[in-house]
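1. I need the structure of the sequence given here:
(2 chains)
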Amino acid sequence: MADEDRLLPIANVGRLMKQILPSNAKISKEAKQTVQECATEFISFVTCEASDKCHRENRKTVNGDDIWWALSTLGLDNYADAVGRYLHKYREAERERAENNKSSNDSGNEREPNITSGYSRVLEKGSSSSAR
Amino acid sequence: MVSSKKPNQEKKPSSDGARNSRSSSGSNSKKKTPKLQAIAKKEPEVHEISESSSSGSDEPKKTSNGGGGGGVEDANKMIRFPMNRVRRIMRSDNSAPQIMQDAVFLVNKATELFIERFSEEAYESSVQDKKKFIHYKHLSSVVSNDERYEFLADCVPEKLKAEVALEEWERSMTDAG
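-> A predicted model of the protein is given here:
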């Protein structure tokens, strides 16, 4: 696997950094590459924790709830709360797609999104925190 | 008479650090080191990122699951990194044989947030250091000063001068011997 493939695309990383920072901020190339590696390490870190949970529970598939749990467990609660809202949007999009497929195919093989208690906790917290 | 000002010129003062696409509620203060509470206050801005990413989005529109529904394309507009790449990284050194799409999506978004916050903290470090550029040392400083980033300690070690490292090594050998 080429080096570029095992990391996130540096163009995307750089673009994101540029958007988040003030316009006068400048990022050295080495720093950008370092952030690229750190982001990749972050992905592995979170996934490993979620994967371990699946192993302990004798499950073979890592799902969104495992990721959400891993973010919370690793002291990244603020990430967990924030992504919970995005997941809600994603679920809605998936549901729409499934409904469209069902109406066209009528095969009934839609996958029920397994929204677990973890997410509903997040959504409840999100609705209270969004009042801020 | 044509004005000499360029209409696209947006040299806003960096005092508030706000971006055009992120008209924040002013919570984006650069004065203090962001604590968890300050970071949590930025959650409303997270929504705006999703909206802005759809307008300024240049992430690939390919859907990794091959679904052609409009719903999935909308979901892809919410993310910055290719789902395929994120999935590949997730599978690279893990034994999880299967990863659901929503898990990849969550990791994608969480990584985006991670980069944002990490970058902001590095920028603050560079400002304190009175440097124009964010350098490696600002990242390593953030990592070593915040236990949340302990998992990056091997990824971003503080750089030492060779003589300092040698001294410490000799000291450790003396203590051990």
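2. helices along chain B, start to end?
-> Under the criterion DSSP state H, chain B contains helices at B:36-41, B:43-55, B:70-76, B:83-92, B:101-128, B:136-145, B:162-176.
3. does residue B:102 really touch residue A:63, like I thought?
-> Yes. The criterion here is Cβ atoms under 8 Å, and residue B:102 meets it with residue A:63 at 6.5 Å. C-beta coordinates here come from the backbone N, C-alpha and C atoms, glycine included.
4. number of residues surrounding residue A:59?
-> Residues lying near residue A:59 (other Cβ atoms under 10 Å in any protein chain shown) number 14.
5. am I right that it falls within a strand?
-> No. Using DSSP: H, G, I helix; E, B strand; the rest coil, the assignment for residue A:59 is coil, not a strand.
6. give me the neighbour count for residue A:77.
-> For residue A:77, using other Cβ under 10 Å, the count is 16.
7. and it, how far from chain B?
-> 8 Å (Cβ to the nearest Cβ, to the nearest Å).
8. wait, doesn't that residue sit right on residue A:68?
-> No. The criterion here is Cβ under 8 Å, and residue A:77 misses it with residue A:68 at 10.3 Å.
9. follow-up on the earlier one: going by mean pLDDT, which of the helices of chain B comes out lowest?
-> For those, the bottom mean pLDDT is recorded on helix B:43-55, which sits at a mean of 40.
10. how about stretch B:119-131: buried residues?
-> For stretch B:119-131, a neighbour-count test (16 or more other Cβ atoms under 10 Å in any protein chain shown) marks B:119-127 as buried.
11. should've said stretch B:155-169
-> Within stretch B:155-169, judged by 16+ other Cβ under 10 Å, the buried ones are B:155-156.
12. then stretch A:9-29?
-> With burial defined by 16+ other Cβ under 10 Å, the residues of stretch A:9-29 counted as buried are A:9-10, A:12-14, A:16-22, A:25, A:27-28.
13. so which of those residues are also by chain B?
-> When contact is defined as Cβ under 8 Å from any Cβ of the partner chain, the buried residues of stretch A:9-29 meet chain B at A:9, A:12-13, A:16-17, A:19-22, A:25, A:27-28.
14. let's have those in TSV, adding secondary structure and distance to residue B:88.
-> Below are those laid out as TSV (DSSP: H, G, I helix; E, B strand; the rest coil; distance: Cβ to Cβ, whole Å):
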residue	secondary structure	distance to residue B:88
A:9	coil	12
A:12	helix	14
A:13	helix	16
A:16	helix	19
A:17	helix	22
A:19	helix	24
A:20	helix	25
A:21	coil	28
A:22	coil	33
A:25	coil	30
A:27	strand	25
A:28	coil	27
